[in-house]
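starting from these lines, generate the structure:
(one chain, ligands or ions: 1)
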Amino acid sequence: MSEAAASLYERVGGAQGVGKLTDKFYARVMADPELSHFFDQSKMDKLRLMQREFFSAALDGPVQYTGIPLPHAHAGREIGSRHFARFVEHLLDTLEDITLSDRDVRDIIERVKTYHDEIVGTVGDTG
Ligand code: HEM
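Numbers count the residues shown, from 1 in each chain. Just a heads-up that it's a prediction; the model follows:
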């Protein structure tokens, strides 16, 4: 079946779908008082663009991530596992708002979790 062969990127809705997804997702992150302060100094336009690229590439889309490597982008920010877990929780909530199979949602979350050690771990991890 051709649908089954489509990439996660296509199933999320291609460039437009991933764009909407990342915008909605970061709106949730910014509305979370435990996470928003990390972005106080950030230029959100550039960040949004980089995140779109990153998520597009991570979901097997025809996009090259041109941003800073994740460990560099997050080093020294004191992001802990607790923050990472909340971040993933917001992603899950966002994914549940769009039409995707449970399996696709699980797959996306599993992929994102594989980046844990590139984001967390620049400080003693207090959980
Ligand atoms: C799998 C999880 C994550 C992914 C895929 C991700 C992705 C990214 C990307 C692509 C950038 C842009 C890098 C660039 O400028 O070239 C970035 C920057 C950043 N991320 Fe993340 N991120 C993740 C988790 C987190 C978490 C949990 C936090 C904090 C709670 C966080 C905070 C930041 C901050 C503060 C920046 C820098 C923004 C700036 O340039 O000012 N990220 N992230």
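
in terms of helices and strands, where is Gln51?
helix 44-58 (DSSP states H and E).

for that helix, packing partners?
Applying 3 or more CB pairs under 8 Å, 6 or more residues apart in numbering; DSSP states H and E, one finds that helix 44-58 contacts helix 14-30. C-beta: built from backbone N, CA, C; applies to glycine.

so what's Leu21 up against?
Neighbouring residues of Leu21 by CB atoms under 8 Å, 6 or more residues apart in numbering: 12-13, 55, 94-95, 98.

re the thing from before, list the buried ones in the helix holding Gln51?
50-58 (16 or more other CB atoms under 10 Å).

rewinding a little: give me the lowest-pLDDT entry from the contacts of Leu21.
pLDDT across those is at its lowest for Ile98, which sits at 88.

how about the nearest residue to it, chain neighbours excluded?
Distances taken as CB to CB, 6 or more residues apart in numbering put Leu21 closest to Ile98, at 6.8 Å, once the chain neighbours are dropped.
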